[in-house]
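# With the input below, show me the fold.
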Amino acid sequence: MLDLDNFLDSRAAEMAPGGIVFGYFLSRQDPANPQNQTNPESIHHEFENAWNDLIDEVCNEHNTLSSP
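A predicted model of the protein is given here:
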């Protein structure tokens with residue numbers, strides 16, 4: 001866990017106040033069977049949807065603040 005702590009500390013030092021770090025950790029459903037791993041393609045769509053939702057939220061917030 002020390003490597004992860006160091007990585008996150010380094011990213012925190014690089015970020016602007018209020019920034020967000022997004023972590024993506026693949027795992028095995030069955031540690032005894034290396035063939036049975038999480039398929040990154042299967043969850044890519046979910047991350048893409050989450051990213052698009054975030055962009056929509058920011059754009060809507062900006063439009064609301066810009067409206068007279």
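
# C-alpha only now, for contacts and for neighbours.
Noted.

# now what about stretch 15-23, what contacts it?
Arg11 (C-alpha atoms under 8 Å, 6 or more residues apart in numbering).

# avg pLDDT for it?
Averaged across stretch 15-23, pLDDT comes to 83.

# The most centrally placed residue in the chain in helix, strand or coil?
Residue closest to the mean C-alpha point of the chain, counted by C-alpha atoms, centre = their mean, is Phe22 at 2.9 Å. Three-state assignment for Phe22 (DSSP: H, G, I helix; E, B strand; the rest coil): coil.

# and Leu8, how many neighbours?
14 (other C-alpha atoms under 10 Å).

# Look up how far Met15 lies from it.
Here the distance between Leu8 and Met15 works out to 11 Å (C-alpha to C-alpha, to the nearest Å).

# Ok, Phe47 next?
21 Å.

# Which of the helices or strands spans Glu57?
Using DSSP states H and E, Glu57 maps to helix 40-66.

# list the buried ones in the helix or strand Arg11 falls within?
Taking DSSP H and E as the criterion, Arg11 maps to helix 2-14. Judged by neighbour count (16 or more other C-alpha atoms under 10 Å), helix 2-14 contains no buried residues.

# Report all helices and strands that it contacts.
Using 3 or more C-alpha pairs under 8 Å, 6 or more residues apart in numbering; DSSP states H and E as the contact test, no helix or strand touches helix 2-14.

# pLDDT wise, what is Leu65 at?
Looking at Leu65, the pLDDT reads 66.

# So, low pLDDT: which residues of this protein?
For the chain, the stretches with pLDDT under 70 are 26-29, 31, 34, 36-42, 65-68.

# thinking again about what came up before, just the CA coordinates for the helix holding Arg11, please, in PDB.
Extracted in PDB, the C-alpha atoms of helix 2-14 (Å, rounded to 0.1, in the frame of the first residue of the first chain):
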ATOM      1  CA  LEU A   2       3.000   2.300   0.400                       C
ATOM      2  CA  ASP A   3       3.300   2.600  -3.400                       C
ATOM      3  CA  LEU A   4      -0.300   3.600  -3.700                       C
ATOM      4  CA  ASP A   5       0.000   6.100  -0.900                       C
ATOM      5  CA  ASN A   6       3.100   7.600  -2.500                       C
ATOM      6  CA  PHE A   7       1.300   7.800  -5.900                       C
ATOM      7  CA  LEU A   8      -1.800   9.500  -4.400                       C
ATOM      8  CA  ASP A   9       0.400  11.900  -2.400                       C
ATOM      9  CA  SER A  10       2.200  12.900  -5.600                       C
ATOM     10  CA  ARG A  11      -1.000  13.400  -7.500                       C
ATOM     11  CA  ALA A  12      -2.400  15.500  -4.600                       C
ATOM     12  CA  ALA A  13       0.600  17.800  -4.800                       C
ATOM     13  CA  GLU A  14       0.000  18.300  -8.500                       C
END
